[in-house]
Structures are given as C-alpha cells and as structure tokens.
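1. Turn this into a structure:
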Amino acid sequence: PWASQNLPYSYDIHEDGSDDLTYSDVQTEHEESFSEWTTPCCSSFDGEYNSKTSDKPVAGTTYGNTQNNIVYFEETDWPQALGDADTTYAVTQSTYKSSETVDADLFYNGVKWTWTTNGSFNGNNADLQSVATHEIGHVAGLGHSSQSTATMYPTATSSDIQTTELDDWKGICSIYSGTC
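-> A predicted model of the protein is given here:
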C-alpha cells in the first residue's frame with residue numbers, strides 16, 4: 001500500500017495518450033475511475049491527475065523511489081514482459097520500498113485493443129473506464145477477487161466493472177481506512 005504521505009496518488013499521462021481516444025477522454029476516464037475508489041466513505045485512497053509527460057515507463061523494470069506514476073498506452077509493440085498481447089488489456093507495474101508502494105505505472109495494450117468510452121467489450125473493443133477502475137485497484141494494492149461481480153475480478157466482459165462493488169469496498173477500506 002501507499003504511505004499516507006504519498007496520497008493522493010499523483011499520476012501523469014503520457015503526451016501521446018491513446019490512438020483511439022482524445023487526451024481529454026483518457027484523463028476524464030481515469031478521473032472517473034479514481035472516484036469509484038473514493039465512493040465508500042471508509043476509504044482514504046484517492047488519486048489526482050498531475051500533468052502531461054514525455055516520460056515513458058519501461059516494462060519489466062523497477063526504479064525504486066521515483067514517484068513518477070505514468071499512464072501509458074503501448075500502441076506498436078506490446079512488451080512480452082507484460083503478458084500475452086492477445087489477452088491482456090492492461091498491466092499495473094508497481095515498485096515497492098520495504099512494504100510500501102513508491103511507484104505504479106499503468107500500461108494499456110493499444111496493440112490488440114481499441115479503447116472506447118461506451119462500456120463496450122465486443123470484438124477488439126475495450127472500455128477504458130472499466131479497465132482503468134480495475135487497474136487502479138491494483139495501484140491501491142488490491143489483488144484479484146474471486147467474486148465475479150467485483151471490479152477486481154480478473155476478467156472483464158462488460159462495463160459492470162466501471163463501478164466498485166461491496167467486495168471491492170471491503171478490500172480498499174481494509175488497506176486505507178477512513179472515517180464515515
């Protein structure tokens with residue numbers, strides 16, 4: 001988990017954004033996804049957009065305490081280190097110092113998937129808010145859930161995961177307890 005002094009999680013979006021969406025759409029979808037993790041009053045986890053960046057994260061590496069959290073769309077060559085290009089929507093790559101998260105980059109697979117904002121998961125279309133909400137759960141330190149209705153369930157087939165569910169709330173509140 002993130003230390004309280006490192007919250008809210010501050011992130012940059014790579015200047016190239018996505019080939020499929022406007023930069024503004026990418027930013028808005030991430031803001032909506034972060035707001036889902038603040039829905040339960042018992043959660044103190046939050047994120048905020050910082051800036052546009054030309055920095056690119058490098059797949060399969062860790063940097064130590066960089067505090068440069070980047071949202072990046074890989075559009076030409078999905079790195080093998082991040083999993084199978086045909087089945088992976090996105091990957092959160094986190095760096096830890098002792099037991100605290102100090103960096104978390106989000107890689108979105110634009111090689112295989114066409115990113116949308118309409119909740120669609122048909123053909124090669126993937127809904128950005130749904131996938132971002134799931135990946136931000138990983139940024140917060142959550143693993144996969146066995147509850148098929150949870151945002152943190154390991155597979156996505158519908159826009160149902162745009163919103164967090166009770167199982168997700170229990171997880172986020174157990175790590176980042178706030179006051180209701």
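
2. Residue 52 belongs to a strand?
-> Yes: assessed by DSSP: H, G, I helix; E, B strand; the rest coil, residue 52 belongs to a strand.

3. from the middle of its chain, how far away would the biggest helix by length in the chain be?
-> Across the chain, the longest stretch assigned as helix under DSSP state H is helix 23-37. Relative to its parent chain, helix 23-37 has a centroid offset of 10 Å by C-alpha atoms, centre = their mean, to the nearest Å.

4. Stretch 150-158 too?
-> The answer for stretch 150-158 is 13 Å, by C-alpha atoms, centre = their mean.

5. Point out where the protein drops to low pLDDT.
-> 61-67, 157-161 (pLDDT under 70).

6. Which elements pack onto the helix or strand containing residue 132?
-> Residue 132 is part of helix 128-140 when elements are defined by DSSP states H and E. Helix 128-140 sits against helix 23-37, strand 90-97, strand 100-109, helix 166-175, with contacts defined as 3 or more C-beta pairs under 8 Å, 6 or more residues apart in numbering; DSSP states H and E. No exception for glycine: its C-beta is placed from N, CA and C like everyone else's.

7. Go through these and pick out the most buried.
-> Among these, strand 100-109 has the highest mean neighbour count (mean count of other C-beta atoms under 10 Å), at a mean of 22.
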